[in-house]
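J.: Provided below are the primary sequence and the corresponding predicted coordinates.
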Amino acid sequence: MATLTATFPTHTDTATRTKRVAFKDTPEAEIVRRAQAGDQAAFRTLVEQHQSKVFSIIYGILRKRNDAEDIAQQVFAKIYFSLKNFDFRSSLLTWMYKITVNECYDYLRKKKVRKLVYESDMGQDDERTMENSQLATDKTAPIDRRTENRDYLMQLLSKVSEEERMLLIQKEVEGLTVQELAAETGLNENTIKVKLFRARKKLVSAASKLERAAV
Amino acid sequence: MDPFVKDRIEEYLTGDLLGSDLEKFEEKLAEDPEAMELIESFGESASLFEAIRVEPTEATLGGDFYAHVQQVIDKEKEIPFWAVFTEPFMLKRMAFGALMWMFALGSLTLMSDQSTARSTDLADMILRDQPAVQLFQARMISGLEQNREAMLGVVLAPRDE
């Protein structure tokens, strides 16, 4: 950690230094405070402001519109119940992202468990029939490369910390710049670069481990 | 890795590194094959995110989304009181409580074992260190009065310690 930080040049000029964002003083913070106090209209404003971003993250991960809508509703319900714990240490959106991605992971985990239970409940004949039908369809159906990549990416992302996952998703999916990430998270640009570098290294290492395990 | 390279990786990956900075970056990379390999693999892993990227037109929600959220919230509010015990936070607390109880009971059992051992030792000591039985030299005859006096004489006589 020390070496990583040391090798990143530290910016001392004011042009590149990011001011620490006071999330408590933003106009959104006022709406959040009202929602925390139980103002339904304020909560509605927050939902309407962020529903598209939250939904696009979920839809990107799940690729199933109905499921994505259900999860988005659950995410906002979760936000409603835990909003009182939001302490303005990061932007509301960053905090929402964490809840959103965790909810997607929960969904995928449950789905995987359900699939395993379903398969273990099947008799041998059922299994054989299913395998045959899968073989038959696999020959003709085009491989859904995107779903495959998505599963692979989610597997890799599960190997990095929650914060690193957030940064990578916001950077790569939302297209935020290092400066914007610094503004969103309240960290300075240099810290963001260090964290992204570390996260990317972890992804690469997780990928090579998975490849080695597959061989 | 060269600090110049390390500082500009993000710009390079997003294609925002241009002009002389890009040239310098690529020169530095050419001098360091290890860094080049690492940055290539960063690029490959970054391209995986394409799989979860969504076009803005794809991610549109109906106007009744908030109403659905409200329904979910109302439904969650109706959850029975015992559901609180299945909350992860509550489960953690219960597990911690159970551990504390086990620790307390374990300590109590150990302590009571020690006190039992101590009382057994005391009993052994009492049995072991009993005073030797003294033989009383009282001469008994048929007269009750004389016997009583003989016995008193023995009982009241000073003992050998």
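T.: It's in.
J.: Mind checking which residue lies nearest the centre of chain B?
T.: B:Phe96 (7.1 Å; CA atoms, centre = their mean).
J.: Return the residues in contact with the residue nearest the centre of chain A.
T.: Compute the mean C-alpha point of chain A, and by CA atoms, centre = their mean the closest residue is A:Val101, 3.5 Å away. Going by CB atoms under 8 Å, 6 or more residues apart in numbering or on different chains, A:Val101 touches A:Ile57, A:Ile61, A:Glu162, A:Arg165, A:Met166, A:Ile169. Glycine gets a C-beta too; all of them are placed from N, C-alpha and C.
J.: chain center to the longest helix anywhere in chain B, what's the gap?
T.: Selection of the longest helix in chain B by residue count, based on DSSP state H, yields helix B:88-128. Counting by CA atoms, centre = their mean, to the nearest Å, helix B:88-128 is centred 19 Å from the centre of its parent chain.
J.: how much space between the residue nearest to the centre of chain A and B:Lys28?
T.: A:Val101 sits 35 Å away from B:Lys28, going by CB to CB, to the nearest Å.
J.: doesn't A:Arg198 make contact with B:Lys6?
T.: No. The criterion here is CB atoms under 8 Å, and B:Lys6 misses it with A:Arg198 at 11.5 Å.
J.: If you count surrounding residues, which of these two has more?
T.: B:Lys6 (19 against 16; other CB atoms under 10 Å in any protein chain shown).
J.: can I get the CA coordinates of whichever strand or helix holds the more buried one in CSV?
T.: Taking DSSP states H and E as the definition, B:Lys6 sits inside helix B:3-14. The C-alpha atoms that make up helix B:3-14 are tabulated as CSV, following Å, rounded to 0.1, in the frame of the first residue of the first chain:
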residue,chain,number,x,y,z
PRO,B,3,5.1,7.5,-11.9
PHE,B,4,4.2,9.4,-15.2
VAL,B,5,2.6,6.2,-16.5
LYS,B,6,0.9,5.3,-13.3
ASP,B,7,-0.7,8.7,-13.0
ARG,B,8,-2.2,8.6,-16.4
ILE,B,9,-3.5,5.0,-16.7
GLU,B,10,-7.1,6.1,-16.3
GLU,B,11,-6.9,8.7,-19.0
TYR,B,12,-5.1,6.3,-21.3
LEU,B,13,-7.7,3.6,-20.7
THR,B,14,-10.6,5.9,-21.5
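J.: Buried residues, it. List them.
T.: Neighbour-count burial for helix B:3-14 flags B:Val5, B:Lys6, B:Asp7, B:Arg8, B:Ile9, B:Glu10, B:Glu11, B:Tyr12, B:Leu13 (criterion: 16 or more other CB atoms under 10 Å in any protein chain shown).
J.: cool, and stretch B:85-105?
T.: Applying 16+ other CB under 10 Å to stretch B:85-105 flags no residue as buried.
J.: quick check: mean pLDDT across the helix holding B:Lys6?
T.: Mean pLDDT, computed over helix B:3-14, is 89.
J.: before we move on, what about stretch A:170-182?
T.: pLDDT averaged over stretch A:170-182 gives 90.
J.: so, in contact with chain B or not, that stretch?
T.: Yes. Judged by CB under 8 Å from any CB of the partner chain, stretch A:170-182 comes into contact with chain B at A:Lys171, A:Glu172, A:Val173, A:Gly175, A:Thr177, A:Val178.
J.: Same check on stretch A:192-200?
T.: Yes. Using CB under 8 Å from any CB, we find that stretch A:192-200 touches chain B at A:Lys193, A:Leu196, A:Phe197, A:Arg200.
J.: Out of these, which two are the most distant from each other?
T.: Greatest spatial distance among those (CB to CB): A:Lys193 and A:Arg200, at 10.6 Å.
J.: gap between A:Ala35 and A:Ala29?
T.: Distance of A:Ala35 to A:Ala29, given as CB to CB: 11 Å.
J.: can you check B:Leu108 too?
T.: Relative to A:Ala29, and taking CB to CB, B:Leu108 is found at 52 Å.
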